[in-house]
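**Student:** Provided below for reference: sequence and predicted model.
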Protein chains: 2
Amino acid sequence: MAGSQNISVQTLQERVRAILEAGGVRRESAEAVAGVIVAGERDNCKSHGVYRIEGCLRVLAAGKVEGGAVPKVHDEGTSVIEVDAGGGFSNPAFHAAKDLLAERTRETGIAALVIRDCLHFSALWHDVEAMADYGLASLSMCPSYSVVAPAGGTQPLFGTNPIAFGWPRPGAHPYVWDFATSVAARGEIELHRRAGTPIPEGWAIDSDGQPTTDPDAALAGAMLPFGAHKGSAISTMVELLAGAMLGEFMSKEALEFMGSSALLPRHGALVLALDPARFAARSGRDPLAEGEKLLTAISGQGARLPSERRFAARDKALAEGICLTEAELAQLALFEQDGLAAVAT
Amino acid sequence: MAGSQNISVQTLQERVRAILEAGGVRRESAEAVAGVIVAGERDNCKSHGVYRIEGCLRVLAAGKVEGGAVPKVHDEGTSVIEVDAGGGFSNPAFHAAKDLLAERTRETGIAALVIRDCLHFSALWHDVEAMADYGLASLSMCPSYSVVAPAGGTQPLFGTNPIAFGWPRPGAHPYVWDFATSVAARGEIELHRRAGTPIPEGWAIDSDGQPTTDPDAALAGAMLPFGAHKGSAISTMVELLAGAMLGEFMSKEALEFMGSSALLPRHGALVLALDPARFAARSGRDPLAEGEKLLTAISGQGARLPSERRFAARDKALAEGICLTEAELAQLALFEQDGLAAVAT
């Protein structure tokens, strides 16, 4: 593309880290936040790449995130480890606790990490891939902002509530999925609005709770969960386990607290990790070799495994660098020059 | 209905238990298996009620279940408890280990129960309701027989892989969902076949992997997961966590082992339990009171909570008895009179 340019993962990491640090994020936290942004861009996961820098700067400019917060790990030796993000971004908190989570999971077979009071914007595949690097299976979930109605309901109550799962594969990228429990992303409705095209049936309801294909009516109403009542049930579980159970905000309270979905939500997050080696021990079987039987059978049918496209983009970016468009490069330069003033309102 | 009759929960429990015992199931196990069958009937969950007695007798007559197996609990003091069903039904094994699972979950915050080498036929809501009775949240899952193709695939590989979730509600029935990860149940396709009506689009593919609305072609082909690639991802997780991770059969191997989906499958099962009181402790919030905010908001929109109809049927059955049809009563009488000979082939 005209004006686009390849940039190495390491160079992009340093530039994004420096932008965040100049915005008031402590060095170590800026490194962790830049890490997930660059990983998103590297994997051609554009919705979680450099596009996210602006959202981070916006909460910094609004004074709605504690850039200097130092994550505090609380451990009482049980299977539940907690880390207080202290109103900072979620990623430094996860980073501070993940070694301990892996260690405890290996000791006890299953363990949980509670992240408290964090601002969350990153994809959850970071968490489950990190656990897979330790040879562990994991589930990660969190609430967001209430923009999704329950199946059969009429008003927004659930967040888009992402949930992710990871499973280690010997000598290969892990098996990873990560999806919103809404049928579509809010950004997809926005794209239809800009294009002046109707949204597919089943994506949303209007503010009277009636089905709609009008993007404006949908944005004023509520999105719907994927898979009808089954997806709605899973979204409810995410609110309960990653919100109510932790004593952290659910999606409705998160929106009320921040006052606008234009700013990143503040809530908690939950990661469950399981050690296949411990679970399988008495069986005499190799759990990862068993997993390969299933995963290669899926691929063998010509079905795509989730994350395959992302891993292919990653391999390419690591070899050739990350391709940024002229507009993305201009925005990076603007943030480097103007800092928080570039997003101040 | 003509010839139908109300029968008390207790009386039905005794009759079903006696039928199973006469079929070679040890007293305590027969009590547990009868318990879930009667609970299904009590909740008007006909697909898991007295209809299931025949399937239990069939595996007994075929010598494919160890009726006399005594569940053996293995506990090393970690967060993973195991119970060997010894080729018996799953329910006595769960029953033997559930107190210990609850105790360990209260100690460590999160714990898992692995059930090994069991025959499985019951709905999973039994497990998660039992955990909710202890004030615990839980997830239960197991593989089944490979009759579902992965999204984008062409051949059966996954089971209908049920997954269930439970959350305790103070002074009320718990919040419980329990569903197959296939878009429909195999029995529903069978009903269309008998009625000579086409099945809805999106339920199944034929043996060439092409979409079909013909019930016969669907039964010869494969069912599809609910929610397209998202449901397929969840079904894959069930195979990995409740099959590969435990070193127990996944759905394909379970079908190969038993040789016919007409007999109950033999595999493992996984129950994860979480203690909201421990997870929320440092927040100072009451997790169950928080959960009520969400659940009453769902109901307040006029949306139905999962299991509501089941709980209403339960309350009615406990007050008035369980209504059995003439045919169901005749079958009970036949099983009482002829025992295993009634199902011998």
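**Tutor:** Okay, I see it.
**Student:** which ones are touching A:Lys98?
**Tutor:** A:Leu113, A:Asp127, A:Ala130, A:Met131 (Cβ atoms under 8 Å, 6 or more residues apart in numbering or on different chains). Any C-beta I mention is one placed from the backbone N, CA and C, and that applies to glycine too.
**Student:** cool, A:Ala32 as well?
**Tutor:** Here A:Ala32 is in contact with A:Phe89, A:Asn91, A:Pro92, A:Phe94, A:His95 (Cβ under 8 Å, 6+ apart).
**Student:** Assign it to helix, strand or coil.
**Tutor:** Judged by DSSP: H, G, I helix; E, B strand; the rest coil, the three-state class of A:Ala32 is helix.
**Student:** Now do the helices in the stretch 51-200 of chain A.
**Tutor:** Listed in chain order, the helices of the stretch 51-200 of chain A (DSSP state H, counting those that start in this stretch) span A:53-61, A:90-108, A:125-133, A:186-195.
**Student:** coming back round to it: among the contacts of A:Ala32, which one sits closest to chain B?
**Tutor:** A:Phe94 (16.9 Å; Cβ to the nearest Cβ).
**Student:** where does chain A dip in pLDDT?
**Tutor:** Low-confidence segments of chain A (pLDDT under 70): A:1, A:345.
**Student:** At the geometric centre of it, which residue do we find?
**Tutor:** A:Ala123 (2.0 Å; Cα atoms, centre = their mean).
**Student:** Neighbours of the nearest residue to that residue once chain neighbours are set aside, how many?
**Tutor:** Nearest residue to A:Ala123, sequence neighbours excluded (Cβ to Cβ, 6 or more residues apart in numbering or on different chains): A:His48, at 4.5 Å. Neighbour count of A:His48, defined by other Cβ atoms under 10 Å in any protein chain shown: 20.
**Student:** Distance of A:His48 relative to A:Arg310?
**Tutor:** 10 Å (Cβ to Cβ, to the nearest Å).
**Student:** mind listing what whatever residue of the stretch 101-250 of chain A ends up closest to chain B touches?
**Tutor:** Going by Cβ to the nearest Cβ, chain B is nearest to A:Gly247 of the stretch 101-250 of chain A, at 2.5 Å. Under the criterion of Cβ under 8 Å, 6+ apart, the neighbours of A:Gly247 are B:Phe279, B:Ala280, B:Ala281, B:Arg282, B:Ser283, B:Gly284, B:Arg285, B:Asp286, B:Pro287, B:Glu290.
**Student:** The fifth one against A:Met245, yeah?
**Tutor:** The one in question is B:Ser283. No: the criterion here is Cβ atoms under 8 Å, and B:Ser283 misses it with A:Met245 at 9.6 Å.
**Student:** Between these two, tell me which one has more neighbours.
**Tutor:** A side-by-side neighbour count of B:Ser283 and A:Met245, using other Cβ under 10 Å, places A:Met245 first with 29 against 18.
**Student:** what about the more buried one, is that helix, strand or coil?
**Tutor:** helix.
**Student:** How much space separates A:Phe311 from B:Gly152?
**Tutor:** 17 Å.
**Student:** hmm, back to that, so who does the residue nearest to A:Ala123 touch?
**Tutor:** A:Val36, A:Ile37, A:Gly40, A:Phe121, A:Ser122, A:Ala123.
**Student:** hmm, back to that, list only buried entries from the contacts of A:Gly247.
**Tutor:** Buried subset of the contacts of A:Gly247 (neighbour count, 16 or more other Cβ atoms under 10 Å in any protein chain shown): B:Phe279, B:Ala280, B:Ala281, B:Arg282, B:Ser283, B:Pro287, B:Glu290.
**Student:** Grab the nearest non-local neighbour of the fifth one.
**Tutor:** Put plainly, it is B:Ser283. Leaving aside its sequence neighbours, B:Ser283 sits nearest to A:Gly247 (Cβ to Cβ, 6+ apart; 2.5 Å).
**Student:** The residue lying closest to A:Phe249 once chain neighbours are set aside: what's it in contact with?
**Tutor:** Nearest residue to A:Phe249, sequence neighbours excluded (Cβ to Cβ, 6+ apart): A:His267, at 4.2 Å. A:His267 makes contact with A:Cys118, A:His120, A:Cys142, A:Pro143, A:Ser144, A:Ala242, A:Gly243, A:Glu248, A:Phe249, A:Met250, A:Ser251, A:Ala254 under the criterion Cβ under 8 Å, 6+ apart.
**Student:** Put together a markdown table for those, with distance to A:Phe165 and neighbour count on each row.
**Tutor:** Shown next, in a markdown table, are these (distance: Cβ to Cβ, whole Å; neighbours: other Cβ atoms under 10 Å in any protein chain shown):
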| residue | distance to A:Phe165 | neighbour count |
| --- | --- | --- |
| A:Cys118 | 21 | 30 |
| A:His120 | 18 | 22 |
| A:Cys142 | 14 | 30 |
| A:Pro143 | 18 | 34 |
| A:Ser144 | 18 | 28 |
| A:Ala242 | 14 | 30 |
| A:Gly243 | 19 | 30 |
| A:Glu248 | 21 | 28 |
| A:Phe249 | 24 | 24 |
| A:Met250 | 22 | 28 |
| A:Ser251 | 21 | 28 |
| A:Ala254 | 23 | 24 |
